[in-house]
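Build me a structure from this.
(2 chains)
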There are 2 protein chains.
Amino acid sequence: MPKNRQILLDSRPQGEASVSNFKLVSADTPALQDGQVLVRHRYLSLDPYMRGRMNDSKSYAQPQPLGQVMIGGTVGEVVESRHPKFAAGDQVVGMGGWQEYSVVDAGQPGAVRKVDTTQVPLSQYLGAVGMPGVTAWYGLVKIIEPKAGQTVVVSAASGAVGSAVGVLAKERGARAVGIAGGPDKCRYVTEELGFDACVDYKQHADAASLARALKQACPDGIDGHFENVGGMVLDAVLLRANAFSRIAVCGMISGYDGKPIPMAYPQLILTNRMRVEGFIVSEHMEVWPEALKELGTLVGSGRLRPRETIAQGLEAAPEAFLGLLKGRNFGKQLVQLA
Amino acid sequence: MPKNRQILLDSRPQGEASVSNFKLVSADTPALQDGQVLVRHRYLSLDPYMRGRMNDSKSYAQPQPLGQVMIGGTVGEVVESRHPKFAAGDQVVGMGGWQEYSVVDAGQPGAVRKVDTTQVPLSQYLGAVGMPGVTAWYGLVKIIEPKAGQTVVVSAASGAVGSAVGVLAKERGARAVGIAGGPDKCRYVTEELGFDACVDYKQHADAASLARALKQACPDGIDGHFENVGGMVLDAVLLRANAFSRIAVCGMISGYDGKPIPMAYPQLILTNRMRVEGFIVSEHMEVWPEALKELGTLVGSGRLRPRETIAQGLEAAPEAFLGLLKGRNFGKQLVQLA
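Prediction:
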């Protein structure tokens, strides 16, 4: 069996996460039991939720145990199978973790799934046609529920989730406005993704200034907002929110490293009769088939063209992950492992 | 026609409202036109929403115009009628404003409504069997949607809205926990209203301390919360909120006088997958008949025994209103006018 390099969580962050929280080790891959498959990972997905798992605090998920392989989505190829429904060469998506190989009980529901790469590139099953895409779909379709002509704003708009939110909103006849960091990301959001406008939050020192820019980008106010960031971005959106607007709270990455991110004007939830709703996509498995079908079609037809930032080699994963928390990636952050 | 004393909004508050914002005047009541009735007000309702109307800022309602009679709910008696469906002696509820008499176009929908005082005292049509009661009903039934065995918290629990929230929650098999200011109010909430527990927020200097008290009062966490106050109270509730809990945002009286009331931990909306929803009862007229029926039965049967604080005479209204904003009232704040 091949040698398997792995990254473990070695210590929990105090405040900001750092590379010293991770540890690279090498292990033998165990011999397969009946019903198992050995997957060689091609790509590892890096996602903001992982930061929460590094803490030992009450949250919706169990903390990542110390000394074990970091959790993470992976795509790859079956190299050996002792399960009748899988064969060497199958392309699969699963939760293989931060390592080069995984041994999977293939019969366990949700453990590993074959994917078709004729229309959709393999890596997209970690992005637009995977968990981030379904996250976008659920928040937009089930919480924001945009109507044609309404304005939908999404923060981290050039990212894996944000890009899908905007394109899905456009498909429903809404005006899509992004918030992103820097002119390159904003240009991509409008020119390649087809958003109607994009606001560069890095040009604004406070929520009032950002709110003025949003007023220009959203002349009819904001009817729906998909929040990935929190803090100043959320404050600015609230200042421009319309009556009966909806906010889907998917992430608050600006606070993941322990910084306080108070909401300055919660009274606007009342005066604008808003609905603010947090969600986690893994608790809504019932929408995955419908969502993946639409997302696969959008990617296959080229209407959704997600960007990827690809780090090379498992050893690059910690640095790439820390960059993701700071918004240094452009689009979906992946690590190529083979 | 009788002389009519009136209170006008004379100036807008800068920060805290004060008695100097109001002006007492005397006017003749105009002669009735066809279709009009003259109502002598028995009670005027004082409600927190009036503070918002005193500002000249964007909100859900038009600002109260300067130099005009303050808006307000009233109950009273028809003294003269030129409308076929009303007769002198009819007991009615309407929006007569801060004055002793009003002339009403009785045919206008919602302008004035006859009420039955055999089971329900007249003043209760301004409280539990009126706008405050329906407000409680809507937020509890339509937003919080409590299930039997769940825990529902309400702030300003001894007030006109809060008292009804708790009793309605108990009717649905939920555990009702109040937050109120001072031992007298807390005793009333548990002993007379039948809440399971009440926390005196005045015993707590910060949200962490209040949250510890809530932990004791809500051993299974908080599934639903009806917010009338905001600020520290809302922060403490969020710290004890369960997964999938709901917050109905009805008021944030702690910020009405212009004080900032940031929400300290909005990320809890995400990690607890909460729904936070603002509402205004006048936008949900469709629930009024069903709500008033249940509330009338609860008051008529004595299961809901609302307290009232009654100021005497129109000239006492400004001071009583300012006291309401500071929580000096006990139960529904009224002004007796005749």
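
name the helices or strands packed onto the host helix or strand of A:C198?
Taking DSSP states H and E as the definition, A:C198 sits inside strand A:197-200. Applying 3 or more CB pairs under 8 Å, 6 or more residues apart in numbering or on different chains; DSSP states H and E, one finds that strand A:197-200 contacts strand A:175-180, helix A:183-187, helix A:207-217. From N, CA and C alone the C-beta is placed, and that goes for glycine too.

what about that strand, distance to the chain center?
20 Å (CA atoms, centre = their mean, to the nearest Å).

Show which residues not belonging to that strand make contact with it.
Strand A:197-200 has contacts (CB atoms under 8 Å, 6 or more residues apart in numbering or on different chains) with A:157, A:177-183, A:185-187, A:189-190, A:210, A:213-214, A:217-218.

returning to that earlier point: tell me which of the helices and strands packed on strand A:197-200 sits nearest to B:G162.
helix A:207-217 (32.0 Å; CB to CB).

What strands line up against the following helix or strand past the closest one, and which way round?
Following helix A:207-217 in sequence order, the next helix or strand is strand A:222-227 (DSSP H and E). With DSSP bridges as the test, strand A:222-227 is paired with strand A:151-155 (parallel), strand A:241-249 (parallel).

most packed of these?
Most buried of those by mean neighbour count (mean count of other CB atoms under 10 Å in any protein chain shown) is strand A:151-155; its value is a mean of 31.

CA atoms only: put that one into PDB for me.
Below are the C-alpha coordinates for strand A:151-155, written out as PDB (Å, rounded to 0.1, in the frame of the first residue of the first chain):
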ATOM      1  CA  THR A 151     -32.200  43.200  -5.400                       C
ATOM      2  CA  VAL A 152     -30.100  40.500  -3.900                       C
ATOM      3  CA  VAL A 153     -26.700  41.300  -2.300                       C
ATOM      4  CA  VAL A 154     -24.000  38.700  -1.500                       C
ATOM      5  CA  SER A 155     -20.800  39.200   0.400                       C
END
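
who does the helix or strand just after that strand touch, helix- and strand-wise?
Using DSSP H and E, the next helix or strand after strand A:151-155 towards the C-terminus is helix A:160-171. Contacts defined by 3+ CB pairs under 8 Å, 6+ apart place helix A:160-171 against helix A:131-137, strand A:151-155, strand A:175-180, strand A:222-227, helix A:288-300.

Need the winner for burial among those.
Across the helices and strands packed on helix A:160-171, averaging neighbours per residue (mean count of other CB under 10 Å) puts strand A:151-155 on top, at a mean of 31.

Give me the mean pLDDT for it.
The average of the pLDDT scores along strand A:151-155 is 98.

and the angle from it to strand A:175-180?
20 degrees (axes from the mean of the first three to the mean of the last three CA atoms, to 10 degrees).

So which residues make contact with strand A:151-155?
For strand A:151-155, contacts defined as CB under 8 Å, 6+ apart pick out A:140, A:144, A:146, A:161-162, A:165-166, A:169, A:174-180, A:201, A:214, A:218, A:220-229, A:233-234, A:237, A:242.

for chain B, what are the nearby residues on chain A?
Residues of chain A lying near chain B by CB under 8 Å from any CB of the partner chain: A:52, A:58-60, A:230, A:234, A:243, A:249-252, A:255, A:260-267, A:269-280, A:283.

For ChimeraX, write a command that selects the buried ones of these.
Buried residues among these (16 or more other CB atoms under 10 Å in any protein chain shown), as a ChimeraX selection:
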select /A:52,59,230,234,249,250,251,252,255,261,262,263,264,265,266,267,269,270,271,272,273,274,275,276,277,278,279,280
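
Give me the average confidence score over the strand holding A:C198.
Averaging the model's pLDDT scores along strand A:197-200 yields 98.

Starting from it, tell me which strands it pairs with and how they run.
Checking strand A:197-200 against DSSP bridges gives partners strand A:175-180 (parallel).

quick one: contacts of the partner strand?
With CB under 8 Å, 6+ apart as the contact definition, strand A:175-180 has outside contacts at A:149-158, A:162, A:165-167, A:169-170, A:186, A:189-190, A:193-201, A:210, A:214, A:217-218, A:220, A:222, A:229, A:233.

Looking at the strands paired with strand A:222-227, which is nearest to A:R113?
strand A:241-249 (25.8 Å).

And the next helix or strand past that closest one?
The helix or strand immediately downstream of strand A:241-249 is helix A:267-271, counting by DSSP H and E.

still on that earlier bit, I'd like to know which of the contacts of strand A:175-180 are buried.
A:150-158, A:162, A:165-167, A:169-170, A:186, A:189-190, A:193, A:195-201, A:210, A:214, A:217-218, A:222, A:229, A:233.

where's the nearest residue to A:A338 once chain neighbours are set aside, which helix or strand?
In space, and not counting its chain neighbours, A:A338 is closest to A:R42: 5.3 Å by CB to CB, 6 or more residues apart in numbering or on different chains. Using DSSP H and E, the element containing A:R42 is strand A:36-45.
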